[in-house]
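J.: sequence unknown, structure follows:
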Ligand SMILES: Nc1ncnc2c1ncn2[C@@H]1O[C@H](COP(=O)(O)OP(=O)(O)OP(=O)(O)O)[C@@H](O)[C@H]1O
């Protein structure tokens, strides 16, 4: 099996529900081996895209494939793709073990998988309790355990951190990173940005059903600015201001931050260090500030009004 066998490819995908265009000519790829965050404001089209990927919704046009095949064309769909959608429901009278047992039987997976997954998802102590008393975190774990029954190479998780406390989010992060490190393709949707920042290496950002940005989020965010500490900050500010102007970054200014510190946009740390050395100016500290995922999100998807979006107006 090669990496190509479980790459997700969404190509010119459009989905209309009556007069509402949920997805419009959307194209992106999701690579195995990393956790990819699928970001967008409410109503952006994340769930619809994931539903098309799992064959639950038919596209109006375009394709969404896994390893080059549509979900229904996969030889073992549930063994290839594990999906968790928001608001998973369980039979309230079933225990966690019953629930996994039913799905293991339906998928033709050995009973030993149930015990393995109860352990891997820290559910062993709750295995024989009825799901009606489960907390949100336990429900999320049980949904994930169900999705992992067939040892899928591709995981599609819609808002998996919903309702998790900070311990739950930390646990989820460790689990997803481990699953990705094993070579799986992991796509995680969310609008809770601080959590995706901790969970994902790559991001796909959509708005109004269209692609806004895709790639490693650190690259998308770019170096926002460098903080420079120097006992000769005033002299350095003059030199750096002229270098910033020379880059053509018209709106960017070197700003003093405290007594001996400057915030320098538009110049990389090595350039600043070299300039200081050329002019014999001492540097005590250089720190590159990256934009947070939240800043990136607001920059890429300025609010256009929820009502307008939900109505599908453009
Ligand atoms: N079955 C449906 N019938 C009609 N419209 C739908 C249907 N499913 C989704 N939509 C609409 O498609 C758009 C995209 O919805 P979707 O649920 O995919 O967005 P989302 O990014 O997952 O949002 P959220 O973060 O709020 O879950 C919305 O305008 C939504 O109202």
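T.: Everything's here; your move. Computed from a prediction, not measured in an experiment: that's the story for all the values here.

J.: residues of stretch 158-171 that come out buried?
T.: Buried residues in stretch 158-171, counted by 16 or more other Cβ atoms under 10 Å: 158-161, 164, 168-169, 171. The way it works is simple: take the backbone N, C-alpha and C, and place the C-beta from them, glycine included.

J.: how far away from the center of its chain is it?
T.: On the basis of Cα atoms, centre = their mean, to the nearest Å, stretch 158-171 sits 13 Å off its chain's mean C-alpha point.

J.: who's in contact with it?
T.: By Cβ atoms under 8 Å, 6 or more residues apart in numbering, the residues outside stretch 158-171 that reach it are 46-47, 50, 83-86, 122, 136-137, 140, 143-144, 172, 188-192, 195, 198-199.

J.: and it, end to end?
T.: Stretch 158-171 stretches 17 Å from its first residue to its last (Cα to Cα, to the nearest Å).

J.: residue numbers of the stretch 101-250 of the chain in contact with the ligand?
T.: Residues of the stretch 101-250 of the chain lying close to the ligand by Cβ under 6 Å from any ligand atom are residue 191.

J.: helices of the stretch 101-250 of the chain, start to end?
T.: 112-120, 136-148, 166-181, 193-199, 217-221, 233-246 (DSSP state H, counting those that start in this stretch).

J.: pLDDT added to the buried residues of stretch 158-171, as JSON lines?
T.: Output for the buried residues of stretch 158-171, formatted as JSON lines (pLDDT from 0 to 100):
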{"residue": "158", "pLDDT": "89"}
{"residue": "159", "pLDDT": "85"}
{"residue": "160", "pLDDT": "83"}
{"residue": "161", "pLDDT": "79"}
{"residue": "164", "pLDDT": "78"}
{"residue": "168", "pLDDT": "82"}
{"residue": "169", "pLDDT": "82"}
{"residue": "171", "pLDDT": "85"}
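
J.: pick out the most distant pair among those.
T.: Using Cβ to Cβ, the buried residues of stretch 158-171 span at most 18.3 Å, a distance reached by 158 and 171.

J.: which one of the buried residues of stretch 158-171 is nearest to residue 181?
T.: residue 171 (15.8 Å).

J.: distance check, that closest one against residue 125.
T.: 15 Å (Cβ to Cβ, to the nearest Å).

J.: low-confidence ranges, the protein, go.
T.: The chain contains residues with pLDDT under 70 at 1-4, 86-88, 193-195, 197, 221-223, 249-252, 290-294, 302-314.

J.: next one: phi and psi at the spatially most central residue of the chain?
T.: Among the residues of the chain, the one closest to the centroid is residue 37, at 1.0 Å (Cα atoms, centre = their mean). Residue 37 adopts backbone torsions of phi -90, psi 140, taken as degrees, to the nearest 10.

J.: measure it to residue 213 for me?
T.: Taking Cβ to Cβ, one finds residue 37 at 11 Å from residue 213.

J.: which residues are in contact with each of the two?
T.: Taking Cβ under 8 Å, 6+ apart as the contact rule, residue 37 and residue 213 both touch 203-204.

J.: how many residues are close by the one residue in the stretch 151-300 of the chain that gets nearest to the ligand?
T.: Across the stretch 151-300 of the chain, the shortest distance to the ligand (Cβ to the nearest ligand atom) belongs to residue 191, at 4.9 Å. When neighbours are defined as other Cβ atoms under 10 Å, residue 191 has 17 of them.

J.: next one: the strand or helix carrying residue 276 to chain centre, how far?
T.: Residue 276 is located in helix 269-278, with elements delineated by DSSP states H and E. For helix 269-278, the gap between its own C-alpha mean and the chain's C-alpha mean amounts to 35 Å (Cα atoms, centre = their mean).

J.: repeat that for stretch 157-168.
T.: Centre-to-centre, stretch 157-168 and its host chain are 13 Å apart (Cα atoms, centre = their mean).

J.: who's in contact with the residue lying farthest from the centre of the chain?
T.: For the chain, the largest distance from the centre (Cα atoms, centre = their mean) belongs to residue 280, which lies 44.3 Å off. Taking Cβ under 8 Å, 6+ apart, we find residue 280 in contact with no residue.

J.: can you tell me the SS state at it?
T.: Following DSSP: H, G, I helix; E, B strand; the rest coil, residue 280 is assigned to coil.

J.: next, give phi and psi for it.
T.: Phi and psi for residue 280, reported as degrees, to the nearest 10, are phi 70, psi 30.

J.: domains in this structure, by residue range?
T.: Domain ranges of the chain: 3-216, 223-290, per automatic domain parsing.
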